[in-house]
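1. here is a sequence together with a model predicted from it:
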Amino acid sequence: MKINNNYIMRMLFSYLPILFITISVLIFIFFSIINQFNVRNAIQANKLTAEYVTNMVDSSLKNISIDAQKMIETGGSLDRFLEEPADRALNYEVSNELSSLMVRYGLIDSVYLYRVKDGKVLDQSTIRPLDQFPDRGFVQSSLDLAYTGVWSSPRIRESVAQGSPSQLRVTSLGFKIPRDSGSLGYLMVNVKIASLNSYIGQMIDHTITDAQLYDAKGNSFFNAGHTAPSKSRLSADVVSDYTGWTYRISIRGGQLLDFLFHGSTLWVLLGLSAIVLAIGSMFYVTRRNYKPIESILHRIERFSSIIKTSEPKEKENEFSFIDQAIERLITNNMAFQEQQQEHLVIRRQQFLQVLLKGDYKEDQTAWEQEWQHFGLSAGHFMVAVLELDQYVQFGLKYSPGDQSLFKFIVSSVAVETAEQGGLKVVVEWIAKNQLVILLISEESGALEHQLLQLSEQIRAWVEGHLDFTVTIGMGTPADDEASIARSFEDAETAVSRKVSVGVNQIIDAVEVKGRPGGEWFDYLEMIRTVVRQLRMSEPEWRKEFGRWFNEMTVHHLRKDDVDRLVHYFIFHLEYELDGALPEVKKPWLQESKPRLAAAAEQSDTLMQLEHDFAAALVQLSEYIEELSQSRRHNALMREIRDYVAEHFMDPNLSLTLLSDRFQISPKYLSQLFKESIGLNFSDFLIGLRIEHAKRLLRESDVTVQHISEMMGYANPTSFIRVFKKTVGLSPGQYRESAAKDRCVGE
């Protein structure tokens, strides 16, 4: 059906005269309004530019100040130059150090160092007396200042260029050495005003923007002899919190723009008159042409009143009602779609969690519905767990938003790689650093090969395209849904072995399954030995420490097992130090313990963990050794300890015998044992005898009764009781445990 457009044309020609009249009036103020908007934007841009320029210049000047302070505070060649006798090589070294500061910062024009003791000044070219130095006036005036380290107002620096005197405008920064008195010397850094002007010029567009810099007194940096004029309404001033300088950014041609900004009252009145006339005319024309559509609007109004009876609000027109109805419809539809998507994601995660844990047996019907809902079919399955390596560093390096983006990329790569290979997978993040990949196949023969190939492609892609790596643990094949939980558990166990196997690789559960985790008793014995040797400053602790980590590596311990052993080591070391060496408590709590705890938390591999632990323990060992050497009785106790270690089998060995031999009272000798070794004499002697008894039980067939007599015990029952209290096992149990360990090793 063809629509008649006569009514549309009549409406159009009715409004054309109003349109022409309105435009003819508003055309005169159009450009003024547009320019007002542009000028406001320019003013805002000037403010942002001024703040940016201020931050950049302050940052550069702060960096220069910081590096200059480091040169004078860290000692080194500058202190030797100021304090030691004159030396040409030292002068050359210090001159190079000053030159290196100029090389790092292109803003610096010159750097020189004044030495108080002989009144000489060293710069990048030569050393000379102060009275021959061109800029001596400023140096002398700076020495009298009570506070230095502040950038000066623009000044004239005297210099000699190509044999003739020259003047250069600079701003200077000086530091007394030392800072409180300046009794040794004075370090002066000069930044060329021209370089500062060029640096600021790189950050603005000179064709439309003008930049000026004034000191705290209003003196201009770039126009010598000029002071800061009154601030224009089109310029932006920013005062630096660091230097106190004022950065002014303004628009070129500001007078014309200022006129346009203020506009004209006549134009505003003219525009208002045109608008009033247009409104009146539109009311008249609209009223005249309203009749044909009045019946339609009445129908909309009646429908609107019916809907609004249950929801009383302010009266609205028909078009507002239609607009709100459409907007509500669109908004509700979008909210519904988002909610459905969120519910689908949560439902998918819950489904996968239940599947991996095997908790679905209570409601088999509901489980089958969920299984079909996600388009999965029965077949053969295999689970892989992808874990982000060095996750602590990953969390510190990237923001939460970036972390989510990277995780999305990794999961997308897994899905796309599987699709390219024609594989069916379910991919979902189940933890902050773990992604589950469930491979589903109708054939079981190539299942392991397919998952291995897919995992290697994902690992290689992440290594080649991202700044971090991943380790993937592969589970065992599952022939039904009930076995998926077992496959997932095997995959988690496999990926946890990366602490000893290494990161950025594929770990198959079959390769590590069934490997012995090591006897906990042996590991605890190694830890106690390392702690004892470390506490007693015996150098053998490093060898025993390496053997401990080597054993954990050989047996491929899981991450959880390594964490338990490491935290036991920290606990046991703290306990031993607190009891035997209270002087070490402060450095232990402030430095060594935090370093060990951080290494245990952040290390992903045993190699990294061993390196970080060794570094912290070497420092602690050096401190303990220094403390031990500082004790006056160290040499005497070493001699006594060696004598006890050599004669510990003597049944007559006692504090009385030792006191007679070394001419020292038994009470003081007992105190020395406690302070030096951390044990009283009887416990130390029992420890030596028990260690010898353990060696006899492991390496010989000597009876327990005979060993008891050798240890000086008349009653074997007393020996067995002491042995079990010390070792935790009876002599017979210990001999059986040692025999089993030898069989496993063979």
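-> Noted; the coordinates are in hand. Numbering: from 1, shown residues only.
2. for residue 230, give me phi and psi.
-> With angles defined as degrees, to the nearest 10, residue 230 sits at phi -60, psi 150.
3. look up how far residue 131 lies from the closest residue to residue 391 other than its chain neighbours.
-> In this structure, residue 391 finds its nearest non-sequential neighbour in residue 433, 4.3 Å apart by CB to CB, 6 or more residues apart in numbering. For glycine as for every other residue, the C-beta is placed from the backbone atoms N, C-alpha and C. Distance, residue 433 to residue 131, by CB to CB, to the nearest Å: 69 Å.
4. who has more neighbours out of those two?
-> Ranked by neighbour count (other CB atoms under 10 Å), residue 433 and residue 131 place residue 433 first, with 18 against 9.
5. quick one on the thing from earlier: would you agree the residue nearest to residue 391 is in contact with residue 392?
-> No: contact criterion CB atoms under 8 Å: residue 433 and residue 392 do not qualify, at 9.6 Å.
6. picking up where we left off before, give me phi/psi at the residue nearest to residue 391?
-> Main-chain dihedrals, residue 433, degrees, to the nearest 10: phi -130, psi 10.
7. for the one 4 residues further on, same thing?
-> Its backbone dihedrals place residue 437 at phi -120, psi 110, with angles given as degrees, to the nearest 10.
8. so in terms of bridging, what pairs with it?
-> residue 384, residue 427 (DSSP bridges).
9. and it, how many neighbours?
-> Residue 437: 27 surrounding residues under other CB under 10 Å.
10. shouldn't it be in contact with residue 386?
-> Yes: Residue 437 is within contact range of residue 386, at 6.4 Å (criterion: CB under 8 Å).
11. hey, what's in contact with both of those two?
-> Contact with both residue 437 and residue 386 is made by residues 414, 455, 458, 472, according to CB atoms under 8 Å, 6 or more residues apart in numbering.
12. which strand or helix spans the third one?
-> In this structure, residue 458 is located in helix 447-465 according to DSSP states H and E.
13. what comes up buried for that helix?
-> Neighbour counts using 16 or more other CB atoms under 10 Å place 447-448, 450-452, 454-455, 457-459, 461-462 of helix 447-465 among the buried residues.
14. stretch 71-91 too?
-> Those would be 71-72, 77-79, 81-82, 90-91, for stretch 71-91 by 16+ other CB under 10 Å.
15. packing partners of the helix or strand containing residue 576?
-> Taking DSSP H and E as the definition, residue 576 sits inside helix 559-580. Applying 3 or more CB pairs under 8 Å, 6 or more residues apart in numbering; DSSP states H and E, we find helix 559-580 packed against helix 498-501, helix 520-535, helix 593-602, helix 606-630.
16. now, of those helices, which is deepest in the fold?
-> Highest mean neighbour count among the helices and strands packed on helix 559-580 (mean count of other CB atoms under 10 Å): helix 498-501, with a mean of 23.
17. just to revisit the earlier point, pairing partners for the next helix or strand after the helix holding residue 458, with directions?
-> Stepping forward along the backbone from helix 447-465, the first helix or strand reached (DSSP H and E) is strand 470-474. The pairing partners recorded for strand 470-474 under DSSP bridges are strand 380-388 (antiparallel), strand 506-508 (parallel).
18. can I get strand 470-474 in PDB? Just the C-alpha atoms.
-> Output of strand 470-474 as PDB, limited to C-alpha atoms (Å, rounded to 0.1, in the frame of the first residue of the first chain):
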ATOM      1  CA  VAL A 470      53.000 -22.800  33.000                       C
ATOM      2  CA  THR A 471      53.500 -26.400  34.300                       C
ATOM      3  CA  ILE A 472      50.900 -29.000  33.300                       C
ATOM      4  CA  GLY A 473      50.300 -32.200  35.300                       C
ATOM      5  CA  MET A 474      48.600 -35.100  33.400                       C
END
